[in-house]
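**Q** Mind looking at a prediction? Sequence and model below.
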Amino acid sequence: MPAAPTAAALSAKVPATVVTGFLGAGKTTLIRSLLEQADGRRLALIVNEFGDVGVDGEILRACGIEGCRDDDVIELANGCLCCTVADDFVPAIEALLARPHPPEHIIIETSGLALPKPLVRAFNWPAVKTRVTVDGVVAVVDAAAAAEGRFAPDPAALEAQRRDAGTVDHETPVEEVFEDQILCADLIVVNKTDLVDADGLARVEALIRDALPHRPRLVHTAGGRADPRVLLGLGAAAEDDLDRRRSHHEDDGDHDHDDFTSFVVELAPQPDPDALAERLRAVAAAHGVLRLKGFVTVPGKPMRLLVQGVGARIQAHYDRLWKPGEERTGRLVVIGETGLDRAAVEAALAG
């Protein structure tokens with residue numbers, strides 16, 4: 001049993017790190033890396049997802065890392081923290097602080113569609129202001145997706161639009177969310193650098209610089225592996241520095257996500273994981289799916305198959321044994337822009 005916290009420890013503010021980043025950037029992998037390198041430090045996690053089924057929280061609970069207990073992971077699904085501060089976030093923080101041995105550092109993983117600034121602003125609420133501070137906002141960027149142009153309109157297409165219509169809609173919903181996330185950041189982690197060449201990485205860094213009024217601090221990672229000394233201990237007190245953190249949604253009362261949709265597809269047991277991956281690639285490419293993630297049953301295998309996709313990039317691996325008595329149900333969360341043809345996606349995945 002750890003020693004009871006001292007009076008000085010109780011009076012000090014608990015640092016919190018907000019990890020933001022677009023769908024599939026590698027936030028959960030980065031957090032798992034931090035857990036692996038915690039060296040006995042008491043960390044607590046608040047994980048938020050877009051949709052009513054949590055996958056990232058379950059991945060972290062299954063990490064098998066010593067000292068990472070199930071009750072150290074608080075999962076807030078079916079809503080975005082930037083919209084549900086009063087109902088979800090503040091009570092979660094209060095519950096953590098009320099523990100006999102409160103965490104020494106809180107890590108908050110936002111949904112891939114969340115705007116971090118409203119969440120940072122919530123740290124000024126009376127219930128938490130004197131007890132917690134935002135040590136830093138870390139934005140994770142998928143280098144491969146950024147190099148492919150997912151977060152910026154195609155210049156040739158913009159020029160054609162200008163010629164044909166005389167006007168240009170510069171901001172797409174995806175671009176706006178991406179920019180809001182990096183505009184709020186104290187540190188930007190350019191992840192998956194192993195998936196791009198030098199020219200691609202240069203394009204990613206130029207995209208980030210062009211979106212920001214200041215020169216950002218960048219860290220390159222592959223596989224989400226980063227030194228905790230770089231990510232934690234920034235001392236930013238971001239809640240006191242809101243004016244510098246611009247947003248496309250400054251005048252929005254309650255931010256909503258009408259531009260995006262999420263649903264769950266039930267999957268029968270899949271005897272051929274490779275064939276499933278090919279089917280998922282085809283579905284994502286044909287229907288513009290932004291994100292796929294979930295767990296699948298493979299007949300004859302005692303372990304569950306974790307499936308994750310960013311666009312048409314699909315990865316799958318066995319992450320843990322099925323638990324005794326656990327329902328072996330295959331479920332995939334599908335996220336895309338509003339208008340995604342759910343019936344067509346479900347039909348294609350059932351084939």
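**A** Right, received. Where do you want to start? Numbering: from 1, shown residues only.

**Q** Disregarding residues adjacent in the polypeptide, which is nearest to Asp227?
**A** In space, and not counting its chain neighbours, Asp227 is closest to Gln37: 7.5 Å by C-beta to C-beta, 6 or more residues apart in numbering. Where C-beta positions appear, they are placed from N, C-alpha and C, glycine not excepted.

**Q** Tell me how many other residues crowd the one you found.
**A** Using other C-beta atoms under 10 Å, Gln37 has 16 neighbouring residues.

**Q** Which residue, neighbours along the chain excluded, lies closest to Asp258?
**A** Thr338 (6.3 Å).

**Q** give me phi/psi at that neighbour?
**A** Backbone geometry at Thr338, expressed as degrees, to the nearest 10, gives phi -60, psi 140.

**Q** Ok, Ala147 next?
**A** With angles defined as degrees, to the nearest 10, Ala147 sits at phi -70, psi -30.

**Q** ok, now Leu234?
**A** Dihedral pair for Leu234: phi -70, psi -30, per degrees, to the nearest 10.

**Q** And it, how close does it get to Ala16?
**A** Leu234 sits 11 Å away from Ala16, going by C-beta to C-beta, to the nearest Å.

**Q** where do the contact lists of those two overlap?
**A** Listed contacts common to Leu234 and Ala16 are Asp135; contacts here mean C-beta atoms under 8 Å, 6 or more residues apart in numbering.

**Q** higher neighbour count, those two?
**A** The neighbour count for Leu234 versus Ala16, taken as other C-beta under 10 Å, is higher for Ala16 (26 against 18).

**Q** Helix, strand, or coil at the more buried one?
**A** strand (DSSP: H, G, I helix; E, B strand; the rest coil).

**Q** quick one: it from Lys117, how far?
**A** Computed as C-beta to C-beta, the Ala16 to Lys117 distance reads 15 Å.

**Q** Distance from the chain centre to stretch 99-114, please.
**A** 13 Å (C-alpha atoms, centre = their mean, to the nearest Å).

**Q** Extract the C-alpha trace of that stretch and format it as CSV.
**A** Below are the C-alpha coordinates for stretch 99-114, written out as CSV (Å, rounded to 0.1, in the frame of the first residue of the first chain):
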residue,chain,number,x,y,z
ARG,A,99,-9.5,8.8,-4.1
PRO,A,100,-7.5,8.0,-1.0
HIS,A,101,-4.4,8.0,-3.2
PRO,A,102,-5.1,10.4,-6.1
PRO,A,103,-3.1,10.2,-9.3
GLU,A,104,0.1,12.1,-9.6
HIS,A,105,-0.6,12.9,-13.2
ILE,A,106,-3.8,12.7,-15.3
ILE,A,107,-3.7,11.9,-19.0
ILE,A,108,-6.8,12.8,-21.0
GLU,A,109,-7.3,11.3,-24.5
THR,A,110,-9.9,13.2,-26.4
SER,A,111,-12.0,11.9,-29.2
GLY,A,112,-10.4,12.2,-32.6
LEU,A,113,-13.1,14.7,-33.5
ALA,A,114,-12.9,16.8,-30.3
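
**Q** longest single strand anywhere in the protein?
**A** Longest among the strand segments of the chain by residue count, using DSSP state E, is strand 132-142.

**Q** name the helices or strands packed onto it?
**A** strand 14-21, helix 27-36, helix 116-121, helix 173-183, strand 187-191 (3 or more C-beta pairs under 8 Å, 6 or more residues apart in numbering; DSSP states H and E).

**Q** quick one, domains of this protein?
**A** As given by automatic domain parsing, the domain ranges for the chain are 11-244, 260-350.

**Q** Could you tell me the least trusted of those?
**A** Of all the domains of the chain, mean pLDDT reaches its minimum on domain 11-244 (a mean of 82).

**Q** follow-up on the earlier one: which stretch among the helices and strands packed on strand 132-142 comes nearest Ala312?
**A** helix 173-183 (15.4 Å; C-beta to C-beta).

**Q** who's in contact with that closest one?
**A** Contacts for helix 173-183 (C-beta under 8 Å, 6+ apart): 20-22, 113-117, 139, 141, 150-153, 188, 208, 211-212, 216, 245-249, 259-260, 290, 337.

**Q** Derive a PyMOL selection command for the buried subset of those residues.
**A** In PyMOL, a selection of the buried entries from the contacts of helix 173-183 looks like this (16 or more other C-beta atoms under 10 Å):
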select buried, resi 20+21+22+113+114+115+116+117+139+141+150+151+152+153+188+208+211+216+245+247+248+260+290
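
**Q** Check whether Val134 really touches Val19, as I assumed.
**A** No: with contact defined as C-beta atoms under 8 Å, Val134 does not count as touching Val19 (11.6 Å).

**Q** if I read this right, the residue nearest to Asp258 contacts Thr261, doesn't it?
**A** Yes: contact status for Thr338 versus Thr261: in contact at 5.2 Å, counting by C-beta under 8 Å.

**Q** got the residue ranges for the strands in the stretch 151-300 of the chain?
**A** Assigned by DSSP state E, counting those that start in this stretch, the stretch 151-300 of the chain shows strands spanning 187-191, 218-220, 260-267, 291-296.

**Q** Asp258: neighbouring residues, count only.
**A** Asp258 has 7 nearby residues by other C-beta under 10 Å.

**Q** Gln181 too?
**A** For Gln181, the neighbour count with other C-beta under 10 Å is 28.

**Q** where does the nearest residue to Gly112 once chain neighbours are set aside fall, phi/psi-wise?
**A** Using C-beta to C-beta, 6+ apart and skipping the chain neighbours, the partner closest in space to Gly112 is Leu23 (3.4 Å). Per-residue torsions, Leu23: phi -50, psi 120 (degrees, to the nearest 10).
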